[in-house]
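Chemist: Kindly generate the corresponding structure for this input.
(one chain, ligands or ions: 1)
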Amino acid sequence: MYSPAINKLIEELRRLPTVGQHTAERFVFHWLKSGKKEVGQLALGLKNLMEKIKSCGQCWNFAETNPCFICAEKTRDQRMICVVGNVPNLAAIEQTRQFRGVYHVLRGVLDASEPESLLETKIPELRARVEKLVAAAPQQPLEIILALNPDMPGETTMLYLEQQLKAQFPGCRITRLARGLPMGSDISYADEITLGSALKGRTER
Ligand SMILES: [Zn+2]
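Modeler: Have a look, this model is predicted:
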């Protein structure tokens, strides 16, 4: 019912999370009304995103440098790794200013019904990273903090990681955020005080 260029863009927008037909239509007609300047800024923003943002080869954060600005900070403890599901969760933990270690962004969580979901996460990279740290200094303390969202996929992933890491690296300390974040919630939306105290009160597994 729309012209082909409009239909094509609606189709592209519908691939975005939470965007359905109506929202996609609203975006497209908003841009047509707002004119070239606003659309140009948006196109430039997307172009910059693709050209400037890289993956950090150590923690899988998205940043303009590799290693990212967090991994590159000299004062951080490289042997204290906080494992998160995605970059907004990393940002929420940074916001608390309670953590002086480094991160590992899994970029996904395990889906119990899909065994191949393991390979879509950065879990193999986490194991390789821990293995290297253990080999470099077997006697030095090493802590992995599991800070995935307190929901079903997050729990499944943390349980898997706990079992795997404990078996492979018995000397490594594995901890979890203290209870206090409501079940089913997203770390990205937790308030700084609750998240900060969950981090401080983390418990040994
Ligand atoms: Zn990094």
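Chemist: All the strands of the protein, residue numbers only.
Modeler: 54-55, 62-63, 77-84, 101-105, 143-146, 173-176, 203-204 (DSSP state E).
Chemist: What are the contacting residues of the first one?
Modeler: By CB atoms under 8 Å, 6 or more residues apart in numbering, the list of residues contacting strand 54-55 from outside reads 61-66. In short, each C-beta sits where N, CA and C put it, glycine included.
Chemist: Most neighbours among those, which one is it?
Modeler: Among the contacts of strand 54-55, the one with the most neighbours (other CB atoms under 10 Å) is residue 61, at 23 neighbours.
Chemist: quick one: pLDDT of that residue?
Modeler: Here the pLDDT value assigned to residue 61 is 98.
Chemist: Spit out the contact partners of the spatially most central residue of the chain.
Modeler: Compute the mean C-alpha point of the chain, and by CA atoms, centre = their mean the closest residue is residue 86, 1.3 Å away. Contact analysis of residue 86 by CB under 8 Å, 6+ apart lists 105-108, 188.
Chemist: which of the residues you listed tops the neighbour count?
Modeler: Counting neighbours by other CB under 10 Å, the top entry in the contacts of residue 86 is residue 105, with 25 neighbours.
Chemist: The chain against the ion: which residues are in contact?
Modeler: Counting by CB under 5 Å from the ion, the residues of the chain close to the ion are 56, 58-59, 61, 67-68, 71.
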